[in-house]
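Asks: Attaching a predicted model along with its sequence, questions to come.
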Amino acid sequence: MKVHFIAIGGSAMHNMAIALHKKGFIVSGSDDEIFEPSKGRLKKYGLLPNSDGWNPSLISADLDAIILGMHAKKDNPELVKAQELGLKIYSYPEYVYEQAKDKKRIVIGGSHGKTSITSMILHVLQSQGIAFDYLVGAQLEGFETMVSFSYAPIMVIEGDEYLSSPIDRRPKFLWYKPHIAVLSGVAWDHINVFPTFENYVDQFHLFAKTIEPNGLLTYFNGDEELKNIAEKSTSIRLKPYTTPTHKIENGITIVGANYGWLPLRIFGEHNLQNMMAAFNVCLELGIEERDFFNSIQSFSGAAKRLEEIARSKQTVVYKDFAHSPSKLKATSAAVKKQYADKRVIACMELHTFSSLNKTFLQEYSGCMSETDEAIVYFNPKTIHHKGLETITKQDVEEAFLPSKVIVYDDANSVTDYLKSQNLDNSVVLLMTSGNFDGLNLNDFAQELV
């Protein structure tokens with residue numbers, strides 16, 4: 001098979017390119033700009049384009065498939081030529097389904113927790129010696145790529161509700177047609193695509209309708225929207241989950257299983273709920289309860305999901321992908337509960353289109369009240385780049401009330417402030433879907449401790 005990637009440098013796209021190359025496909029690609037780590041990883045496998053830019057001469061009639069990334073525009077010259085030649089053009093999720101259509105498909109959806117739940121399932125399957133393919137939204141320890149295509153009988157897919165491609169405005173997860181589906185929660189996001197909460201919720205109703213007949217939907221029973229979706233679902237089996245019985249002893253979370261108390265490396269109610277979603281999936285795949293818990297005890301978390309990046313006797317630093325209000329609230333609360341006797345300083349970056357939208361900003365009300373000190377950073381240049389209405393530091397302060405936050409619009413001011421603090425007996429939580437304007441979070445964390 002000969003496959004060409006338009007916008008090969010994307011996080012998901014370059015991983016798929018490598019996965020297909022490893023499967024034996026002939027892979028080519030192009031992009032107008034490719035950054036690390038994509039650049040180095042593509043070069044390692046001989047897949048890095050010879051030059052930056054779009055090259056229609058790479059598009060020929062002998063290509064079996066074109067895979068179109070979100071970074072490309074509708075008038076991309078390679079896309080236009082592919083359309084003129086009548087080539088088969090796939091969105092990223094459409095091609096995932098093409099590779100998985102003869103497998104048992106497990107799809108994890110929801111506004112939050114998708115990567116963590118997917119990672120937990122992969123961890124258990126791997127430790128139990130079960131063959132599987134996968135698609136996950138983060139680089140995981142023990143997995144070379146974020147995508148794997150082989151001849152395994154099952155595929156575990158993190159199901160994103162964002163758009164499929166520039167020419168396919170459907171959510172990605174509507175392509176996958178799961179036999180086993182998870183919905184972790186619904187909290188409004190991506191307002192540039194789903195302008196109202198009702199419109200956003202509709203996508204999850206549509207997702208439930210794509211579950212194969214007699215398939216399983218497992219969902220968090222504490223979310224009213226999910227209960228409503230479940231009640232309206234027909235021809236499928238339903239299995240709700242909730243927060244398991246647990247306690248915290250000496251800074252360690254211990255969960256109650258049917259056969260005793262088990263210490264975990266993860267913590268926070270949200271993570272425990274994620275674990276129960278993974279538990280239901282693994283039971284459906286035939287894994288015994290004791291085997292599941294024996295495996296999950298060694299799970300330390302997915303990258304950037306409450307990931308500990310530095311520790312000393314007095315200070316701990318975590319980084320987390322949290323950026324939406326629900327994620328911010330859950331992550332902050334989890335850290336404060338786990339470290340009740342420590343000062344928790346939470347620092348988050350408003351970086352996404354939704355978070356920098358002046359109207360959506362009001363959704364952040366009270367979401368950092370669990371912390372001892374809260375810092376919010378945004379870059380005015382990012383707002384301008386996204387074509388959004390200007391916001392001020394006062395706008396951000398008022399939006400977060402009753403949470404009291406310190407607001408900065410200069411990244412150096414954030415780092416200078418944190419470095420000036422006495423961090424004895426403290427936990428620092430760095431939350432962003434970006435990187436505070438190029439800050440190496442791991443190196444910075446080492447400076448803090």
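Replies: Sure, I can see it.
Asks: Compute the number of surrounding residues for the nearest residue to Arg265 once chain neighbours are set aside.
Replies: Using C-beta to C-beta, 6 or more residues apart in numbering and skipping the chain neighbours, the partner closest in space to Arg265 is Ser300 (4.5 Å). Using the backbone N, CA and C atoms, a C-beta is placed for each residue, glycine as well. Look at Ser300: counted by other C-beta atoms under 10 Å, it has 13 neighbours.
Asks: before we move on, what SS does Ser300 have?
Replies: Here Ser300 takes the coil state, with states given by DSSP: H, G, I helix; E, B strand; the rest coil.
Asks: and it, what is it in contact with?
Replies: Contacts for Ser300 (C-beta atoms under 8 Å, 6 or more residues apart in numbering) come out as Glu141, Arg265, Ile266.
Asks: gap between it and Asn271?
Replies: Applying C-beta to C-beta, to the nearest Å, the value for Ser300 to Asn271 is 11 Å.
Asks: for Leu47, same thing?
Replies: Taking C-beta to C-beta, one finds Leu47 at 35 Å from Asn271.
Asks: Have a look at the two and say which one is more surrounded.
Replies: Taking neighbours as other C-beta under 10 Å, Leu47 and Asn271 compare with Asn271 leading, 22 against 19.
Asks: Now the helix or strand containing the more buried one: buried residues?
Replies: Here Asn271 sits within helix 269-284, counting by DSSP states H and E. Neighbour-count burial for helix 269-284, counted by 16 or more other C-beta atoms under 10 Å, picks out 269-282, 284.
Asks: Now do the same contact list for the spatially closest residue to Glu373 that is not a sequence neighbour.
Replies: Among residues not flanking Glu373 along the chain, Ile345 sits closest, at 4.6 Å (C-beta to C-beta, 6+ apart). By C-beta under 8 Å, 6+ apart, the contact list for Ile345 reads Thr371, Asp372, Glu373, Ala374, Ile375, Leu418, Gln421, Leu423, Ser426, Val427, Val428, Leu429.
Asks: what's the burial count for the closest residue to His21 other than its chain neighbours?
Replies: In space, and not counting its chain neighbours, His21 is closest to Val27: 4.7 Å by C-beta to C-beta, 6+ apart. Neighbourhood size, Val27 [other C-beta under 10 Å]: 24.
Asks: now swap in Asp160 and tell me
Replies: Quick note: Asp160 (other C-beta under 10 Å) scores 20 neighbours.
Asks: Wait, it touches Leu174, no?
Replies: No - with contact defined as C-beta atoms under 8 Å, Asp160 does not reach Leu174; the gap is 10.5 Å.
Asks: returning to that earlier point: which of the contacts of Ser300 lies closest to Val182?
Replies: Ile266 (16.9 Å; C-beta to C-beta).
Asks: list the contacts for the closest one?
Replies: Thr253, Leu272, Met275, Phe299, Ser300, Gly301, Leu306.
Asks: These: which two are farthest apart?
Replies: Taking C-beta to C-beta, the two most distant members of the contacts of Ile266 are Leu272 and Ser300; they sit 14.6 Å apart.
Asks: who's the residue nearest to Glu373 bridged to?
Replies: Taking DSSP bridges as the rule, Ile345 bridges to Glu373, Val428.
Asks: what's near enough to touch the residue nearest to His21?
Replies: Val3, His4, Phe5, Ala17, Leu20, His21, Leu47 are the contacts of Val27 under C-beta under 8 Å, 6+ apart.
Asks: repeat that for 7 Å
Replies: Val3, Ala17, Leu20, His21, Leu47 (C-beta atoms under 7 Å, 6 or more residues apart in numbering).
Asks: I figured the third one was touching Phe5, is that so?
Replies: Just to be clear, that refers to Leu20. No - applying C-beta atoms under 7 Å as the test, Leu20 and Phe5 come out as separate, 8.9 Å apart.
Asks: Give the residue from those two that has the larger number of neighbours.
Replies: More crowded of Leu20 and Phe5, by other C-beta under 10 Å: Phe5, with 29 against 22.
Asks: Which parts of the stretch 51-200 of the chain are helices?
Replies: With DSSP state H, counting those that start in this stretch as the criterion, the stretch 51-200 of the chain has helices at 77-85, 92-100, 114-127, 197-209.
Asks: Identify the residues contacting the last one?
Replies: The reference is to helix 197-209. Helix 197-209 has contacts (C-beta under 7 Å, 6+ apart) with 109, 161, 171, 173-174, 183, 186, 188, 194, 217, 225, 229, 232-233.
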